[in-house]
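Participant: kindly return the folded structure for what I paste below:
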Amino acid sequence: MCSRMCYIGVPVNFEGLLAKHDSLNAQVVRRVNDTQQLIMLNAFSHECNEHEIRKSIQNRSTCLQVG
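Facilitator: A predicted model of the protein is given here:
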């Protein structure tokens, strides 16, 4: 089986380039995951706020009906 270094025209520092590529790829994946997590937290916060607003309006309308 041929290793990565046996290709014709491979740069001398090919392994270094592969390591850099893998490092950058890992950073991209981490940032995408962080962004997705922030989007999910933002959506959850929005839903909680909507729920609290509805609950507050119901409480106020109940107080007005009783009073």
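
Participant: any idea which element the one residue sitting closest to the centre of the chain lies in?
Facilitator: Note on the chain: the residue nearest the mean C-alpha position is Gln36, at 2.3 Å, using C-alpha atoms, centre = their mean. Gln36 is located in helix 14-66, with elements delineated by DSSP states H and E.

Participant: show me what contacts the residue nearest to the centre of the chain?
Facilitator: Not one residue lies near Gln36 by C-beta atoms under 8 Å, 6 or more residues apart in numbering. For every residue, glycine as well, the C-beta is placed using N, CA and C.

Participant: coming back round to it: and the helix holding Gln36, how far out from the chain's middle?
Facilitator: Going by C-alpha atoms, centre = their mean, to the nearest Å, the spacing between the C-alpha centre of helix 14-66 and its chain's C-alpha centre is 8 Å.

Participant: now it: average pLDDT?
Facilitator: Averaging pLDDT along helix 14-66 yields 92.

Participant: number of residues surrounding Gln65?
Facilitator: Burial measure for Gln65: 7 neighbouring residues, criterion other C-beta atoms under 10 Å.

Participant: Val28 now?
Facilitator: The tally of other residues near Val28 (other C-beta under 10 Å) stands at 10.

Participant: look up how far Val66 lies from the residue nearest to the centre of the chain.
Facilitator: Taken as C-beta to C-beta, to the nearest Å, the spacing of Gln36 relative to Val66 amounts to 45 Å.

Participant: before we move on, what about Ile57?
Facilitator: Using C-beta to C-beta, which is the criterion applied here, Ile57 is 15 Å from Val66.

Participant: how about Asn33?
Facilitator: Computed as C-beta to C-beta, the Asn33 to Val66 distance reads 49 Å.

Participant: compare these two (neighbour count), which wins?
Facilitator: Asn33 (10 against 6).

Participant: show me the contacts for that one.
Facilitator: Per C-beta under 8 Å, 6+ apart, neighbours of Asn33: none.

Participant: and the gap between it and Ile53?
Facilitator: Relative to Ile53, and taking C-beta to C-beta, Asn33 is found at 31 Å.
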